[in-house]
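# predicted model, plus sequence, below.
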Amino acid sequence: MNILSPSILAADCSRLGEEISLVEAAGAGYLHIDVMDGMFVPSLSFGMCVVSSLRKVTDMVFDVHLMVEEPIRYIADFAKSGSDIITVHLEACSDVEETLDWIHSLGRKAGLSIKPSTPVSAVEKYLDKIDLLLVMTVEPGFGGQKYIPASTERIREARRLIDARQACVDIEVDGGITVDNVRMVLDAGANIIVAGSAVFNGNSTENVTNMMEILASCPDGKEK
Ligand code: DX5
Ligand code: ZN
């Protein structure tokens, strides 16, 4: 089953609880929470205190995307605050394996993300250590950017690598996803779709419903 993960970076932060209830009621399964440190990416966003506050208002799966230098320093805090999936960037870890093992040892799912300029083959040696591969489809750091067209072939390559090893790894895509290109990324092999602007700009209930219809009509990339 394909899953929608609305990114709260594009939500109205003065009424986050309400924004989340709406997307949850409309059928989104995950909630994507972008954590930025002003080092790995230029901007700053949410920390663990936002995650633990939101944990009290929803049972959605918290899909936490750490755009943070040496994220191993914060894994325990994010696990404790109620994150279900903790995704780190390959480019940000001095010891990727140790970081992934640490996430698993705390009972959370481990995700590994790559920026658009990182070769997909760089994740190959970690495929047995991860639950999710996040293929960034824009340069990480800001919402509202345009999908990078070369990403489609990168998603296909990731799906080929995963299938060749018969690994059970989800492929998540993040950045510039809209109702107009979501079918293309699903066809390429993604099965978890992050969307910020396309969900929270305008009527989020309608936006999630429209997106979910497309997700339901495409086979899960993992089961193809
Ligand atoms: C970008 C973030 C994304 C962002 C996506 O660095 O990781 O999650 O919120 O926003 P849209 O869907 O607007 O491109
Ligand atoms: Zn993200």
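Okay, I see it. Residues are numbered from 1 along each chain as shown. Ligands and ions are numbered 1, 2, ... in the order given.
# give me the secondary structure label for residue 134.
Using DSSP: H, G, I helix; E, B strand; the rest coil, the secondary structure recorded for residue 134 is strand.
# roughly how far does it sit from residue 1?
18 Å (Cβ to Cβ, to the nearest Å). Placement of C-beta: from N, CA and C, glycine included.
# between those two, which has more neighbouring residues?
More neighbours sit around residue 134 than around the other of residue 134 and residue 1, counting by other Cβ atoms under 10 Å; the figures are 30 against 10.
# nearest spatial neighbour of that one, chain-adjacent residues omitted?
For residue 134, the nearest residue in space outside its immediate sequence neighbours is residue 113; the separation is 3.7 Å by Cβ to Cβ, 6 or more residues apart in numbering.
# in what helix or strand does that neighbour lie?
strand 109-114 (DSSP states H and E).
# ditto for residue 213
In this structure, residue 213 sits in helix 204-217 according to DSSP H and E.
# in stretch 169-184, which residues are buried?
Of the residues in stretch 169-184, those buried under the neighbour-count criterion (16 or more other Cβ atoms under 10 Å) are 169-177, 181-182.
# among those residues, which ones are in helices?
residue 182 (DSSP state H).
# which ones, among the buried residues of stretch 169-184, also lie beside ligand 2?
Filtering those for proximity to ligand 2 (criterion: Cβ under 5 Å from the ion) leaves residue 174.
# I'd like the buried residues of stretch 169-184 as CSV, with pLDDT appended.
As requested, these are exported to CSV (pLDDT from 0 to 100):
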residue, pLDDT
169, 98
170, 98
171, 98
172, 98
173, 98
174, 98
175, 98
176, 98
177, 98
181, 98
182, 98
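# so which of the buried residues of stretch 169-184 are also by ligand 1?
Restricting those to those adjacent to ligand 1 (criterion: Cβ under 6 Å from any ligand atom) gives 174-177.
# go through these and flag which are in strands.
With strands identified by DSSP state E, the entries of those that belong to them are residue 174.
# what's the most distant pair in the ones next to ligand 1 among the buried residues of stretch 169-184?
174 and 176 (8.8 Å; Cβ to Cβ).
# for these two, list the residues in contact with both.
When contacts are counted by Cβ atoms under 8 Å, 6 or more residues apart in numbering, the set common to residue 174 and residue 176 consists of 137-138.
# beta partners for the residue in the chain that ligand 2 sits nearest to?
The minimum distance from the chain to ligand 2, using Cβ to the ion, falls at residue 65 (3.7 Å). With DSSP bridges applied, the residues forming beta bridges to residue 65 are residue 34, residue 87.
# residue 72 is in contact with residue 98, correct?
Yes - using Cβ atoms under 8 Å, residue 98 makes contact with residue 72 at a distance of 6.8 Å.
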